[in-house]
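Undergrad: one predicted model, sequence on top.
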Amino acid sequence: MMESNECLSSPSLHLISAFFAMEPTDCLISLARESGGGLITKGVQSFIWEHCFKNVAGKSNAPTHLYAKRFLKKVIDAVESSCHDVLDSLYEQYAYYMTSSKDDNLLGTIGRVYKRISFLFPNGFSKDKNFPRSMKVVVPLQCALNMLEGDTGCSIWPSSLYLSEFILSYPETFSNKSCFEVGSGVGLVGIALTHANASKIILSDGDLSSLANMKLNLEMNQLSAETKMSQRTFQYPNLVECKYMPWESVSESELQQFKPDIVLGADVIYDPLCFPHLIRVLATLLNPNKFNPHQGKESCSNSGGHRFGTHEGQISFNDTPTSQSEHGASKEGPVAYIATVIRNVETFNYFLRLADEAHLNVVDITETRKPLNLLPYMLSYDRSSIHLYTVSFSCN
């Protein structure tokens, strides 16, 4: 969903964006103080009342009552502690929350909540007619409230935020390209690809619950989830295919049918037991010879650059001549963009070793191709911990 930035100042826009993204309430208080020049003034309180409570009541995809109540209590405590007056409307709203019984079943039976992720673009970001000079892309999502308490496939992971920022920062990389995502989760990356005008989008996941939730999210974003990309036509440009694809059981012949230009993955490098299966999937999707057995070795990417390897348990770099483009993508053949947090060096080195054995080049482009900060209001989002890699097939 593409919207105008309206006439809100940046601090106010950040505050309302953070509220609908259900950022931690302490982050909201910091943004509220920033909006008021250090204090939560009556003007800021009025803004909070109008945009976070009065005009939100009864909306199905609004933040939960419990979250709103906690935020409101923090606002009241912050204003009272500074010896300023609290608006009567905020007191009355808090009294309503205190007497309401909706908290008891606020998450329903599936433990999911609604968040709205707003990507805020700087003025004059792009001359593309699809990216106005001042705008935001708003993505409503149903997701799990806590990624650490199960239901991980329905959580919004930091690397998916980063990869989505990357896609929206460099739409020309993905425009008119066939894109395939492994481990798509809530579908955020796929929705970003639609805004970058990818010609074909296939999202996949090995968990049926995640797949069902992903389809719901596509529908909330006015996108149709289909099972056959042959149904994507000029008249119906917003079709996205959702594919049930467990890495351990998907066949090579099935993978060879997709022929993507670009493969994507966010936080898929975490479980060593899955690495052999993930590497097999990536190697099949990225090997151009798998698509055309009559092609010779000259069709393969022989990219080098900052190629990773393992040595005495450390991540190592080896500077060698490269045939890669300046953006880290292979000049020939498909390329993968993988965003991940390296939580354990030995685990990541194991992934690198398996990738090398499968003739895959892994190149770190974190410093050379940084995305714009399109989520400045997400104070809890630590993009500094995320690495971005390209993966391409090499015949060497």
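TA: Sure thing, it's come through.

Undergrad: show me which helix or strand of the chain is least confident by mean pLDDT.
TA: When the helices and strands of the chain are scored by mean pLDDT, DSSP states H and E, strand 314-320 comes last with a mean of 38.

Undergrad: and the contacts of whichever helix or strand comes after that one?
TA: As assigned by DSSP states H and E, the chain's next helix or strand after strand 314-320 is strand 335-341. Outside of strand 335-341, the residues within contact range by CB atoms under 8 Å, 6 or more residues apart in numbering are 158-160, 162-163, 166, 261-270, 282, 285-286, 301, 329, 348, 385-392. Placement of C-beta: from N, CA and C, glycine included.

Undergrad: and if you look at stretch 199-208?
TA: Contacts for stretch 199-208 (CB under 8 Å, 6+ apart): 153, 175-185, 187, 189-190, 193-194, 211, 214, 229, 232, 240-248, 258, 260.

Undergrad: end-to-end on it?
TA: Here the two ends of stretch 199-208 are set 26 Å apart, with distance taken as CA to CA, to the nearest Å.

Undergrad: tell me which residues of it come out buried.
TA: Residues of stretch 199-208 classed as buried by neighbour count (16 or more other CB atoms under 10 Å): 200, 201, 202, 203, 204, 205, 206, 207.

Undergrad: how far off centre is the helix or strand the fourth one falls within?
TA: In this assignment (DSSP H and E), residue 203 forms part of strand 200-205. Using CA atoms, centre = their mean, to the nearest Å, the mean C-alpha position of strand 200-205 is found 14 Å from that of the whole chain.

Undergrad: got the angle between the helix or strand following that strand and strand 200-205?
TA: From strand 200-205 onward toward the C-terminus, using DSSP H and E, the following helix or strand is helix 208-220. Here helix 208-220 runs at 140 degrees with respect to strand 200-205, directions being taken by axes from the mean of the first three to the mean of the last three CA atoms, to 10 degrees.

Undergrad: now do helix 208-220: distance to the chain's middle.
TA: In this view, helix 208-220 has its centroid 15 Å away from the chain centroid, taken as CA atoms, centre = their mean.

Undergrad: buried set for it?
TA: By 16+ other CB under 10 Å, the buried positions in helix 208-220 come out as 210, 211, 213, 214, 215, 216, 217, 218, 220.

Undergrad: low-confidence ranges in the stretch 151-300 of the chain?
TA: 151-153, 225-238, 290-300 (pLDDT under 70).

Undergrad: what are the contacting residues of stretch 242-255?
TA: Counting contacts by CB under 8 Å, 6+ apart, the residues outside stretch 242-255 that touch it are 182, 184, 187, 202-206, 208, 211, 214-215, 218, 225-227, 274, 277-278, 280-281, 284-285, 290.

Undergrad: which helix or which strand is home to the most far-flung residue of the chain relative to its centre?
TA: Of all residues in the chain, residue 83 has its C-alpha farthest from the mean position, at 40.8 Å, by CA atoms, centre = their mean. In this assignment (DSSP H and E), residue 83 forms part of neither any helix nor any strand.

Undergrad: pLDDT score for it?
TA: On pLDDT, residue 83 comes in at 88.

Undergrad: contacts only, for it.
TA: If you count contacts by CB under 8 Å, 6+ apart, residue 83 has none.

Undergrad: and the gap between it and residue 45?
TA: Residue 83 sits 15 Å away from residue 45, going by CB to CB, to the nearest Å.

Undergrad: also residue 155?
TA: Note on residue 155: its distance to residue 45, by CB to CB, is 32 Å.

Undergrad: same check on residue 379?
TA: From residue 379 to residue 45 the distance is 20 Å (CB to CB).

Undergrad: biggest helix in the chain, by residue count?
TA: Looking only at the chain and at elements set by DSSP state H, the helix with the highest residue count is helix 65-81.

Undergrad: and what about residue 392, helix, strand or coil?
TA: Under the three-state scheme (DSSP: H, G, I helix; E, B strand; the rest coil), the conformation of residue 392 reads as strand.

Undergrad: what bridges to it?
TA: Using DSSP bridges, the bridge partners assigned to residue 392 are residue 361.

Undergrad: residues near it, how many?
TA: Residues within reach of residue 392, counting by other CB atoms under 10 Å, total 30.

Undergrad: the host helix or strand of residue 166 packs against which elements?
TA: When secondary structure is defined by DSSP H and E, residue 166 falls within helix 158-169. The elements that helix 158-169 packs onto, with contact taken as 3 or more CB pairs under 8 Å, 6 or more residues apart in numbering; DSSP states H and E, are strand 112-120, helix 188-195, strand 262-266, strand 335-341, strand 386-393.

Undergrad: could you redo the last one with a cut-off of 6 Å?
TA: Here helix 158-169 is seen to pack against helix 188-195, strand 262-266, strand 335-341 when contacts are counted using 3 or more CB pairs under 6 Å, 6 or more residues apart in numbering; DSSP states H and E.

Undergrad: hmm, who's touching the longest one?
TA: Outside helix 188-195, the residues that touch it by CB atoms under 6 Å, 6 or more residues apart in numbering are 137, 139, 160, 163-164, 167-168, 174, 179, 181, 184, 201, 203, 221, 240, 264, 266.

Undergrad: run the angle between that helix and helix 208-220 for me.
TA: Going by the same axes, to 10 degrees, helix 188-195 makes 30 degrees with helix 208-220.

Undergrad: okay, the angle between helix 188-195 and strand 112-120?
TA: 40 degrees.

Undergrad: dihedrals phi and psi, the residue farthest from the centre of the chain?
TA: According to degrees, to the nearest 10, the main-chain angles of residue 83 amount to phi 60, psi 30.

Undergrad: how close does it sit to residue 36?
TA: Relative to residue 36, residue 83 is positioned 15 Å away (criterion: CB to CB).

Undergrad: what of residue 54?
TA: With the distance defined as CB to CB, residue 54 ends up 19 Å from residue 36.

Undergrad: how confident was the prediction at residue 324?
TA: Residue-level confidence at residue 324 comes out at 43, pLDDT.

Undergrad: would you say residue 39 is within a strand?
TA: No - Residue 39: not assigned to a strand; according to three-state DSSP it is coil.
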